[in-house]
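K.L.:
fold the following, please.
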Amino acid sequence: NTNIYLKELKRNRIPFIVWSIIIAILISWGLFFYPVLMEGDTIKQMTALFENPFMKGMMAAFGADVAKFTNLLGFYATYNGIYFTLLGSIYSILFASGVVSKEEHEKTAEFLLTKPVTRIEVMLSKLLAWLTYLLGLNLIIVITAFIGLEMVKGDQVYPVRAFLIMSCYSFLLMVLF
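P.N.:
Presented below is the predicted three-dimensional model:
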């Protein structure tokens, strides 16, 4: 039902904008730490710290490596990839649970059931609104991250295909939640 779909889009516009801005700022802010990390002795100091036998064992247990931080895409995946996947999943959970519970809380579920629409039409319209906003959020994330990666890459080359695959995986994880 187009009316229900448009109503859900209108109703959830402000939270979408707020979440998009917050995630875009966090991604940009995180990516601008990369040049700071690469200049000076920061990497050498981190390497010396992680050469400690205790830290070496801990890093191996978590599958971490200092060499991942020197690669731009590795830094992005380690630092930003986790955050935007987590925040996007939280947004997905809040949105999906909110569209259903709002109808019960605001007593509009009974009103909708008196109209000539089926329950399936109502839920499909709400599901489509959720999917629209989730796609929009991921599109904003990918564009922000790509622009940020391009701004800080310097003379490095990173595999864009790997970046896009990682972005698709995080979108699927958000859909799963």
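K.L.:
residue 177: what's its closest spatial neighbour, skipping adjacent residues?
P.N.:
Across the structure, with C-beta to C-beta, 6 or more residues apart in numbering as the measure, the residue nearest residue 177 apart from its sequence neighbours is residue 89 (4.2 Å). In this view, the C-beta of every residue, glycine as well, is placed from N, C-alpha and C.
K.L.:
cool, residue 126 as well?
P.N.:
residue 99 (4.5 Å).
K.L.:
and residue 44, how many neighbours does it have?
P.N.:
10 (other C-beta atoms under 10 Å).
K.L.:
residue 174 now?
P.N.:
The burial count for residue 174: 23, using other C-beta under 10 Å.
K.L.:
how about the one 3 residues further on?
P.N.:
When neighbours are defined as other C-beta under 10 Å, residue 177 has 14 of them.
K.L.:
from what I see, it and residue 92 are in contact.
P.N.:
Yes - counting by C-beta atoms under 8 Å, a contact exists between residue 177 and residue 92, whose distance comes to 5.1 Å.
K.L.:
if we can go back for a sec, the residue nearest to residue 126 sits in which helix or strand?
P.N.:
Element membership of residue 99, judged by DSSP states H and E, is helix 82-105.
K.L.:
which SS class is residue 155?
P.N.:
Per DSSP: H, G, I helix; E, B strand; the rest coil, the local secondary structure of residue 155 is coil.
K.L.:
what's in contact with stretch 136-147?
P.N.:
Contacts to stretch 136-147, defined as C-beta atoms under 8 Å, 6 or more residues apart in numbering, come from residues 16, 19-20, 23-24, 27-28, 31, 76, 80, 84, 88, 91, 160, 163-164, 167, 170-171, 174.
K.L.:
can we see that at 10 Å?
P.N.:
For stretch 136-147, the surrounding residues in contact (C-beta atoms under 10 Å, 6 or more residues apart in numbering) are 9, 16-17, 19-21, 23-28, 30-31, 76, 80-81, 84-85, 87-88, 91-92, 95, 160, 163-164, 166-168, 170-172, 174-175.
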